[in-house]
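Student: Model the following, please.
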Amino acid sequence: MPDTNPVLHFDFRPGESVRPGAGFSAITLTFRQPIEVISARRLEEVAPALARVEAAALEGHWAAGFVSYDAAPAFDSAFRVKENGPLPLLWFGIFERPASP
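Tutor: A predicted model of the protein is given here:
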C-alpha cells in the first residue's frame, strides 16, 4: 500500500457516533493529506505503531486506517496466520481533521 497521497473514505450509519464533541454530524468522512503515516510490516512493529496512533489521537488528531487480521499474533501468540502478505499489518494516516466534502 503506497503511502503517497492516500485518500480514505468512511460511511457511517445515521446516528452512529463519529467523534463525540468534535462537531461532526456528517455520515461520510473523507481524509486526505496525512500529516504522518504510521505502518508496521513485522509483528514486533505492531504494538509500538499502535501506541503511536493512540498518542496522536490523544493529541487531538484524527487517525484513519486499519489493523490487518494477520496482525493477530502481535496481540496473542496463540494465533496462527499467513505471514508476509502484500499489505502492512497496520497502516494509519494521522490527520488534522477530515477533508471538506
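
Student: Going by C-alpha atoms from here, please, whenever you check contacts or count neighbours.
Tutor: Noted.

Student: phi, psi of Glu45?
Tutor: Note on Glu45: its backbone torsions stand at phi -90, psi -10 [degrees, to the nearest 10].

Student: do the same with Asp11
Tutor: Asp11 adopts backbone torsions of phi -110, psi 130, taken as degrees, to the nearest 10.

Student: Could you check how far it is from Arg80?
Tutor: Plainly put, Asp11 is 31 Å away from Arg80 if you go by C-alpha to C-alpha, to the nearest Å.

Student: Kindly report the same for Ser39.
Tutor: 21 Å.

Student: Those two - which one has more neighbours?
Tutor: Neighbour tally, Ser39 and Arg80, criterion other C-alpha atoms under 10 Å: the higher count belongs to Ser39, 24 against 11.

Student: which parts of the helix or strand hosting the more buried one are buried?
Tutor: Here Ser39 sits within strand 36-40, counting by DSSP states H and E. Buried residues in strand 36-40, counted by 16 or more other C-alpha atoms under 10 Å: Val37, Ile38, Ser39, Ala40.

Student: which one is the spatially most central residue of the chain nearest to, not counting chain neighbours?
Tutor: In the chain, the centroid-proximal residue (C-alpha atoms, centre = their mean) is Gly65; its distance is 2.4 Å. Nearest residue to Gly65 in three dimensions, chain neighbours excluded: Phe92, at 4.1 Å (C-alpha to C-alpha, 6 or more residues apart in numbering).

Student: so what secondary structure elements neighbour the helix or strand of the chain with the lowest mean pLDDT?
Tutor: Lowest mean confidence among the helices and strands of the chain (mean pLDDT, DSSP states H and E): strand 7-11, at a mean of 86. Counting contacts by 3 or more C-alpha pairs under 8 Å, 6 or more residues apart in numbering; DSSP states H and E, strand 7-11 packs against strand 28-32.
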